[in-house]
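Q: Following is a predicted model, sequence given first.
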Amino acid sequence: MNLREKTLIVMGVFLILAVLILYITAQIELFVGFFKLEEEVMHRNVERALSAISNELDSMEGLADHWATRNDTFAFLKSDDPSFIKINQEELADQSLSNMGINLLLFMDSFGQIALSRCLDENGSCTMIPSNLSDQLSFYGFCPGCLDKQSKYSGIILLSNKPMLIVTNPVIMGKENTSSAGSAGRVVLGRLLTDKEIARLSKITQLHITIKSLNDDKMPSDFLEAKRSLPTNDSVLVRIQENDTIAGYALLNNIYNNPLLMLRIDSTRAIYLQGVKSLRNFVILFSLADIFLFMLTLLFLDRSVLSRMSALAEGVAMIGKSQNMASRLVVQGKDELSGLASSVNDMLDALGQAHEEIIKSERRYKAVVEEQSDLILRTLADGTITYSNEVFCRFFSCGPDEIIGKKINGLIPAENLLPAVDIVSDLMPDNPTKSFVSLFVRPESRRWIQWTSHGIFSRSGSLIEIQSVGRDITDLKMAEEALKQSERRQAEIIEFMPDAILAIDLDGRVMVWNKAMERLTGVKADDILGKDNYEHALPFYGFRRPILVDMVLTPFKQFENEYSSFKTEGNAVLGEIFIPRLGSNGSYLMAKAATLYNAIGERVGAIESIKDITERRNMEQKLERTRTELHIAADIQKSFIPERTPNIPEFEIVAMSIPAMEVGGDFYDFIAQPDGKYGVVIADVAGKSIPAAIFMALSRTIIRANAVNQSKVSRVAKNANKMIASDAPTGMFVTLIYGVLDGENLSLQYANAGHPPPLIFRAEDCTLQEEEPMGVVMGITDDAEYRERRIKFSSGDMAIFYTDGITESMNKQGELYGIERLKEVIIGSYLLETERILGRILSDIARFTERAEQHDDITLIIMKATGKRKDHCRMEMVSRRENIPKIAGYISRKMSERGFDVEQISEMQVAVEEAYVNIINHGYQNEEGPIWIAFDIGDRLFRVTLEDEAPPFDPTRFAKRDLDDNAVDHPVGGWGINLMRSLSDEMRYDYKNNKNRLILIKYKRPINEKMIE
């Protein structure tokens, strides 16, 4: 690809990228701005709709003032004057009220009794007043009998599940009457928010208004999404429904300022559509302008740069092809390209001079190299030979034509080439020289060459060529090897002196036969030295054959399999074999043979040392038999332990037993009962290893025999103790718990024979209790009596049975694991499955003991009552007030799902918010710190647990205050705690693991509880 094509492609790509970047950037920037503008417009529209509703309330309040400030109204409510109705009959007529948009008119005296009422339906027709109207009005604070008789109220309520704008004013004497007679009652005006009324508001505001109740089961999906997204009551949420439609949402609150209705304003996205059209036109104009500039730029580059560059490249190519160093480029103009041509000409001048110098240098170099007595070699980085002197050719008996251009590994054997190849990786630009020694093995001799290699590198650091000079140092190496061989023979003789030693020469004649060999074979050295033809094998095998010392000199593969182990280590061979002829019952021999060399490195024979290992092998076989017997005993004992826990309805059970030695004394068992129940056993036999295992098997058999024939657990324990005590050796006893688990009734009836009492976890209040110790260990006395205890389970409750191997696990400092650590792990894991709880206990023990040696058996049974579990959620956050809406939203959502009423939800939100704010203000002193909040939701309760790392503070120690007391008579503080206590049904506190933990509990009340109160 030439420069002109590259320029065209690059500029085209830049043009396309510029258009794309402009389009994407403009789209993001303009559309974000359009959306913000649309959002502001929609905010104003929602505010207009809310103002229209507020204006309707104001107009109704003015109408209410009309009735409430009249003297005849005051007299009517005070004295029940019947003339009031006659006088105002026209104003109180249904048609008149309908024309004013009034659906409800009530005149209530100061005792809350309705003196006069008018109720119209959606069509303006008279209808009956709801029977529970007074209760509903009282719920929203409209009771005239309340203490506050002077306040005015206005807002929105749900009357018989229908939204209504309502206004209530106290009835007082007119302004012209200065009497201070107080309020005679209240006037209540209500207007239903029907579709007709909403349409009227839409017409007034010129907006499309839709209002839905938050309790509407058929609420559209966009209302549901807006309900979840609106963060506060005073916020407005704007959402794009489709590409051409936008909507704004707001909450309408009731009298108590709690969300009751949701308002939606939707309209077409006129701003967005106009923005899309403008952006498309802008991109088209910009693209056309870019294309025009692209064509002008390309034409200029071609005329001014590209054509001249092409001519310059052709000139350089012609000079290179002709190899005429006298040729030069034509220089035109005075710009950068003409300067480049001049520089190329100068470079050609310099190259011509350098070429002459190189030719002279090579002539001098060859003269020096050819006169050297050392081997000289030049190779490329891949091993291709580019030059070798005459000495190198004579050494390898090759001519120059047979070497030049060949790979060095084709000339020299691979085993001799390895050092030279490895050295290539050691040559670096900053350390280009390396020396090494290579050994060249020839049929007639071995030669050592001392090489010095120097790497030639390019400017980029790549290896171009290796120049090597080699010097023959065979005489020096032979002297060194002779010295080393002498030292080696002397060291081997010293090493093999305690063992039997045999040495032969290359012809197989025996050269060495030491005293230890005489004792081993019974053959004297004088009788065998100098003998050949495998004479040295007769004392071992009784016939002539190669042995290990012969196999060093000449391989005999057919005899290697006779050795139980046979391997080669360098120049030595090792083997182990059993010889039946030696000793009374045969002998196991361990032998090692090695090659012998003379001072110049030539082989002269072989030497073998033999060690009698019969006694060691007999002891190893005896130990192996003992281990096998112990493994069999362990397998038998494992067969006593159930492979899996039974499948008991309504229970999740896991069990395990880990012996401290191969066999142990702990065991557990599950025994099926005829009535479908299951017997459960966990036991710990005194002692360890084989005696404990045997006594364990006896105890298990006795328990099983009694459990099958007897249903009463105390009777099973008593009979088993009597049988164990009669057969138990002195000092042997067993601690044991036996019980019957009833899955149908979620209960366990058990008796304890001196065993560690079980731990009982209660899920309802997250408490862990240790049962009372009781009972005498089995095997001490035969007349022991045992009492029964009963454990009743609820869903999520657990019973944990264990042996003392868990609590008495010891770390390297001598500390015991203890019952308290076990309890902490259980409480921290109670929500997990039993299998994972078991895993956490074992992991915690291993972490505590630092995997020290186990001194006692470990056995554990965990049984957990299943069924419908409570919901659980845990949050971790920093102490910031911004988290309060998130917490309140979660409480509202979860309590609503479980059927708690609105008042209980509000009470719980306020109690938790007060606790959270107290932690921020008083615990962390307005500094940031961690807070953990856990939510546990049951069918009848909602529990919130707050934990923090602030200084300890117990809010439950403050006495509950009477809200009617005068605050001036009490010291400052404590009112927030009193609020938490009053709004929650139960409040608890503890301080553990350097954390404050406050628990607030709310129990679900019946729907009509408030009415009953």
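A: In hand now; what should we look at?
Q: For Thr595, give its distance to Asp499.
A: Between Thr595 and Asp499 the computed distance is 18 Å (C-beta to C-beta, to the nearest Å). All C-beta spots, glycine's among them, are computed from the backbone N, C-alpha and C.
Q: should've said Asp765
A: On the measure of C-beta to C-beta, Asp765 and Asp499 end up 77 Å apart.
Q: Compare the two (neighbour count), which wins?
A: When Asp765 and Asp499 are compared on other C-beta atoms under 10 Å, the one with more neighbours turns out to be Asp499, at 18 against 10.
Q: Contact partners for the more buried one?
A: Ala516, Ser609, Ile610, Lys611 (C-beta atoms under 8 Å, 6 or more residues apart in numbering).
Q: Could I get those in CSV, plus columns for neighbour count and secondary structure?
A: Output for these, formatted as CSV (neighbours: other C-beta atoms under 10 Å; DSSP: H, G, I helix; E, B strand; the rest coil):
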residue, neighbour count, secondary structure
Ala516, 18, helix
Ser609, 25, strand
Ile610, 27, strand
Lys611, 17, strand
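Q: Name the nearest of those relative to Val167.
A: Each of the contacts of Asp499 was checked against Val167 using C-beta to C-beta; the closest is Lys611, at 114.7 Å.
Q: Hmm, Leu589 and that closest one touching each other?
A: Yes. In this structure, Lys611 is within contact of Leu589 by C-beta atoms under 8 Å, at 7.0 Å.
Q: Can you give me the domain assignment for this protein?
A: Domain assignment for the chain by automatic domain parsing gives 29-52+201-271, 53-193, 320-362, 372-472, 484-612, 642-865, 871-1012.
Q: Any idea how far the longest one is from the middle of the chain?
A: Spelled out, it's domain 642-865. Computed by C-alpha atoms, centre = their mean, to the nearest Å, the chain-centroid distance of domain 642-865 equals 34 Å.
Q: ditto for the second one
A: The chain centre lies 64 Å from the centre of domain 53-193; the measure is C-alpha atoms, centre = their mean.
Q: same thing with the last one?
A: Taking the mean C-alpha point of domain 871-1012 and that of its whole chain, the gap between them comes to 31 Å (C-alpha atoms, centre = their mean).
Q: And the nearest residue to Thr194 once chain neighbours are set aside, how far from Leu158?
A: Nearest residue to Thr194, sequence neighbours excluded (C-beta to C-beta, 6 or more residues apart in numbering): Glu122, at 4.7 Å. Distance from Glu122 to Leu158, counting by C-beta to C-beta: 15 Å.
Q: Could you do Ser896 as well?
A: Going from Ser896 to Leu158 by C-beta to C-beta gives 16 Å.
Q: Compare these two (neighbour count), which wins?
A: Neighbour count, other C-beta under 10 Å: between Ser896 and Leu158, Leu158 has more, with 17 against 12.
Q: Quick check: the more buried one is in a helix.
A: No. Assigned with DSSP: H, G, I helix; E, B strand; the rest coil, Leu158 falls outside any helix and is strand.
Q: residues near the residue nearest to Thr194, how many?
A: Neighbourhood size, Glu122 [other C-beta under 10 Å]: 13.
Q: Then Ala692?
A: Neighbours of Ala692 under the rule other C-beta under 10 Å: 24.
Q: so what's the backbone phi/psi at it?
A: The phi/psi pair for Ala692 (degrees, to the nearest 10) reads phi -70, psi -40.
Q: Just give me the neighbour total for the nearest residue to it once chain neighbours are set aside.
A: Nearest in space to Ala692, with sequence neighbours left out and distances taken as C-beta to C-beta, 6+ apart, is Gly665 at 3.1 Å. Number of residues near Gly665 (other C-beta under 10 Å) recorded here: 29.
Q: Could you verify my assumption that Gly665 touches Leu698?
A: No. Gly665 is not in contact with Leu698 according to C-beta under 8 Å; the separation is 11.1 Å.
Q: could you list every residue that touches Val917?
A: With C-beta under 8 Å, 6+ apart as the criterion, the residues that contact Val917 are Arg881, Ile884, Gly976.
Q: Those residues into TSV, with extra columns for distance to Leu623 and neighbour count?
A: Below are the contacts of Val917 laid out as TSV (distance: C-beta to C-beta, whole Å; neighbours: other C-beta atoms under 10 Å):
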residue	distance to Leu623	neighbour count
Arg881	73	12
Ile884	72	15
Gly976	75	17
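Q: tell me which of the residues you listed is nearest to Phe76?
A: For those, the nearest to Phe76 is Gly976 (47.1 Å; C-beta to C-beta).
Q: quick one: secondary structure of the closest one?
A: For Gly976, the secondary structure call by three-state DSSP comes out as helix.
Q: CSV please, covering the domains of the chain and showing mean pLDDT and distance to Val305.
A: Output for those, formatted as CSV (pLDDT from 0 to 100; distance: least, C-beta to C-beta, whole Å):
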stretch, mean pLDDT, distance to Val305
domain 29-52+201-271, 84, 37
domain 53-193, 81, 74
domain 320-362, 76, 7
domain 372-472, 78, 29
domain 484-612, 85, 71
domain 642-865, 86, 74
domain 871-1012, 84, 62
